[in-house]
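Student: Attaching a predicted model along with its sequence, questions to come.
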Amino acid sequence: MSLLDFACRHRFPGGFELNLAFTTDRRVTSLFGPSGSGKTSVLSMIAGFLPPQEGAVRLRDRLLTQVPQGVNVPPEKRRVGFVFQDHLLFPHLDVEQNLLFGAKRRQERTGRRIDLERVAQVLELIPLLSRRPKNLSGGERQRVAIGRALLSQPDLLLLDEPLASLDEALRGRVLSYVERVVEEWDLPTLFVSHDQASVRRLAEWVVVLNRGSLVTCGPPAEALAQPELFRWRAESGPINLLRVERVEAHAGGWRGFVGGQPLQLPQLDDPPGDSVFVQFPPSAVTLSRQDVAGLSARNHLRGEIRQMIEVPHGVFVAVDVGQILWSDVTPAAVAELNLQPGVEVYCLIKTVGLHVV
Amino acid sequence: MWTLTAEEIEAVWLSFRVGVVAVGLGLPLAILLGYLLARKSFPLKWLVETVADLPLVLPPVVTGYLLLVLLGPRGLVGSIFEEWLGWPIAFTWRGAAVASAVVSFPLMVRTLRVAFSEVDPRLELAARSLGAGRLDCFFSVTLPLARRGVIAATLLGFARSLGEFGATIMIAANIEGETRTIPLAIYSIANRPGGFENSWRLVIISILLACGALLISDRLERRRSRHESA
């Protein structure tokens, strides 16, 4: 039996129609698509906020919605935790009361117990417990919102663009809290995003949708490599995200390894952890058939071309350097260098173009 | 000269009692209706809105007349109360309380409707997803967040009750110690020979009470808007 089965059709008053079916077994699934593609509506249907005109939602062995057969479990009985884009903490309660709102109402449940002490510890909320939501920063509010949903002992956690209201510096941090939560409680999670970097970092399964219907679904590396995606170049197009391991001080800066190859990191304010993520756009990657010396670009990662996707005015080349990274090159360059799948290339990346998250 | 006469003390005390009972009768219903009007759409909503607003524009005497028809000793509802419960309504303080409740009802509904519509409905969704049923959600999230509106509505309703004259005199008449509230007492005293000069004590009390209620509800209103923008 799968973890989540979703198949719903709903026509909105404005004429937008959602018609989507997907199923997932993985712990962390991402709904990925541009704004207005219907991602939030899908979450609302799973949470029971929006009954679809037709369709069914099943969470493990529990049928939550089946229309028109008349099954519609109310939100309070679904055991589905919801973290909203803009946190929606109760302004008249302090942090501790917010956290316990759901916990108090689910006391009778046995089985997996998520307790306040551990949640406050993992999400680093202990110094905040007596504060009011209006006296918290954006990142703190989002952490409280995640903790509040967790403590309602959900069978499934829904995250609706939990990073969208945060600035970029905070995103990486909140994302690592979400990672911790998923690890700590082994909690099935479905999260919505239009940001490839967070999807690639977190998701084990990706459901890509556009204009209310399914584009594709699968593991991130495959689902995010669909040519259809690149129509959304500006907003949610591919972004490179590499996991850099064994970070160490080197030559007055920081260096780490990607697939055994060294990568020079930019200057950092704080010493990084043992492993970090670096993010950079495909346009920051230059391809070369030979390893060239005497260039200002510090990083030369050797890899093999896996896939090439032609888009108007360019070609996206996927190179396996231990992890997949994308380069955006011109059709003329492809012809001149004779680039094709299987060919070995060097990816030249300027250190200053790397963004550590 | 500053001390109140027994008749005046009686009127002030009665007015308080009538006001408290009137608000107690009207508030729960006003909360329910204010919430429904703020949140739900239902058939004939316009009709409900109109009927709820009617006492605001109807001459109070007409409201009192209609109440007397309904609640009088031979009225549809009044006869039931008198025969089955032994509680006559017309020409008793209960009638004065009902008249005040009806006349102040639209003011309370309007204030509460605004207060409820200012509560983000998605906070209610959040509460539901955390395991709170509809009623639980209303009492633990919606109502506490609209509490300033509830207090403002209570004060406005109470102040309007203290001023009720037209409907009260129709259904409850002007019986000293039973239905003679502050406005009726002022009217009675002023109509006596040489009484006009003697009405000023109750006039000042009326003004002070009205100003006090308005000031407090206004302050709550303003603090709420400042709170929202913060």
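Tutor: Perfect, thanks for sending it.

Student: Quick check: residue A:61 touching residue A:1?
Tutor: Yes - using C-beta atoms under 8 Å, residue A:61 is in contact with residue A:1, at 6.2 Å. C-betas here are computed from N, CA, C, even on glycine.

Student: in the lowest-mean-pLDDT helix or strand in chain B, what counts as buried?
Tutor: Lowest mean confidence among the helices and strands of chain B (mean pLDDT, DSSP states H and E): helix B:200-229, at a mean of 79. Using 16 or more other C-beta atoms under 10 Å in any protein chain shown as the test for burial, helix B:200-229 gives B:201-202, B:205-206, B:209, B:213, B:216-217, B:220-221, B:224.

Student: Which segments of chain A make up each domain?
Tutor: A:4-229, A:240-356 (automatic domain parsing).

Student: Surely residue B:189 is in a helix?
Tutor: Yes - assessed with DSSP: H, G, I helix; E, B strand; the rest coil, residue B:189 lies in a helix.

Student: what about it, distance to residue B:176?
Tutor: In this view, residue B:189 and residue B:176 are 11 Å apart by C-beta to C-beta, to the nearest Å.

Student: which residue ranges form the helices in chain A?
Tutor: Taking DSSP state H, the helices of chain A run over residues A:39-47, A:95-105, A:116-122, A:138-151, A:168-185, A:196-202, A:220-223, A:233-236, A:331-337.

Student: Ok, which of these comes nearest chain B?
Tutor: helix A:95-105 (3.4 Å; C-beta to the nearest C-beta).

Student: Against which helices or strands is the closest one packed?
Tutor: Counting contacts by 3 or more C-beta pairs under 8 Å, 6 or more residues apart in numbering or on different chains; DSSP states H and E, helix A:95-105 packs against helix A:116-122, helix A:138-151.

Student: Deepest in the core, which of those is it.
Tutor: helix A:138-151 (a mean of 25; mean count of other C-beta atoms under 10 Å in any protein chain shown).

Student: circling back: can you tell me which of the buried residues of helix B:200-229 is closest to residue A:50?
Tutor: Closest approach to residue A:50 among the buried residues of helix B:200-229 (C-beta to C-beta): residue B:224, at 29.9 Å.

Student: the more surrounded of residue B:189 and residue B:176?
Tutor: residue B:189 (23 against 13; other C-beta atoms under 10 Å in any protein chain shown).

Student: okay but the more buried one is in contact with residue B:203, surely?
Tutor: No - applying C-beta under 8 Å, one finds residue B:189 not in contact with residue B:203, separated by 9.9 Å.

Student: Name the nearest residue to residue 166, sequence neighbours excluded.
Tutor: Here I'm looking at chain A. residue A:138 (5.3 Å; C-beta to C-beta, 6 or more residues apart in numbering or on different chains).

Student: other chain: chain B
Tutor: residue B:60 (3.0 Å).

Student: so what's the one you found up against?
Tutor: B:99, B:103, B:164-167 (C-beta atoms under 8 Å, 6 or more residues apart in numbering or on different chains).

Student: what's the span of stretch A:290-297, first residue to last?
Tutor: Terminal residues of stretch A:290-297 are spaced 14 Å apart (C-alpha to C-alpha, to the nearest Å).

Student: who touches both of residue B:189 and residue B:176?
Tutor: Residues within reach of residue B:189 and of residue B:176 at once, by C-beta under 8 Å, 6+ apart, are residue B:7.

Student: Distance of the residue nearest to residue A:166 relative to residue A:76?
Tutor: Per C-beta to C-beta, residue A:138 is found 28 Å from residue A:76.

Student: and if you look at residue B:200?
Tutor: Applying C-beta to C-beta to residue B:200 and residue A:76 gives a distance of 59 Å.

Student: for residue A:243, same thing?
Tutor: Distance from residue A:243 to residue A:76, by C-beta to C-beta: 39 Å.

Student: These two: which has the busier surroundings?
Tutor: A count of neighbours by other C-beta under 10 Å puts residue A:76 above the other of residue A:243 and residue A:76, at 21 against 16.

Student: That one: what's it in contact with?
Tutor: By C-beta under 8 Å, 6+ apart, the residues touching residue A:76 are A:105, B:128-133, B:136-137.

Student: can you list those in CSV and add distance to residue A:289?
Tutor: Formatted as CSV, the contacts of residue A:76 follow (distance: C-beta to C-beta, whole Å):
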residue, distance to residue A:289
A:105, 63
B:128, 59
B:129, 55
B:130, 58
B:131, 60
B:132, 63
B:133, 66
B:136, 67
B:137, 64
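
Student: Tell me the buried residues within those.
Tutor: Members of those classed as buried by 16+ other C-beta under 10 Å are A:105, B:128-132, B:137.

Student: got any residues that touch both of residue B:189 and residue B:203?
Tutor: With C-beta under 8 Å, 6+ apart, residue B:189 and residue B:203 have no common neighbours.

Student: Buried ones in the longest helix along chain B, by neighbour count?
Tutor: The residue-count maximum for a helix in chain B (DSSP H) belongs to helix B:6-39. Of all the residues in helix B:6-39, those buried under the rule 16+ other C-beta under 10 Å are B:8, B:10-12, B:14-16, B:18-19, B:21-23, B:25-27, B:30-31, B:33-38.

Student: does the closest residue to residue B:52 other than its chain neighbours count as helix, strand or coil?
Tutor: Closest residue to residue B:52 apart from its sequence neighbours, by C-beta to C-beta, 6+ apart: residue B:109 at 5.2 Å. Under three-state DSSP, residue B:109 falls in the helix class.

Student: can you count the residues close to residue B:109?
Tutor: Count around residue B:109 with other C-beta under 10 Å applied: 28.

Student: which residues does it contact?
Tutor: By C-beta under 8 Å, 6+ apart, the residues touching residue B:109 are B:30, B:33-34, B:37, B:52-53.

Student: Just the closest of the residues you listed to residue B:95, please.
Tutor: Nearest to residue B:95 among those, with distances taken as C-beta to C-beta, is residue B:30, at 19.9 Å.

Student: So for the closest residue to chain B within the stretch 151-300 of chain A, what's the nearest residue that isn't a sequence neighbour?
Tutor: When scored by C-beta to the nearest C-beta, the stretch 151-300 of chain A has residue A:152 as its residue closest to chain B, at 4.6 Å. The shortest distance from residue A:152 to any residue other than its chain neighbours is 2.7 Å, reached at residue A:102 (C-beta to C-beta, 6+ apart).
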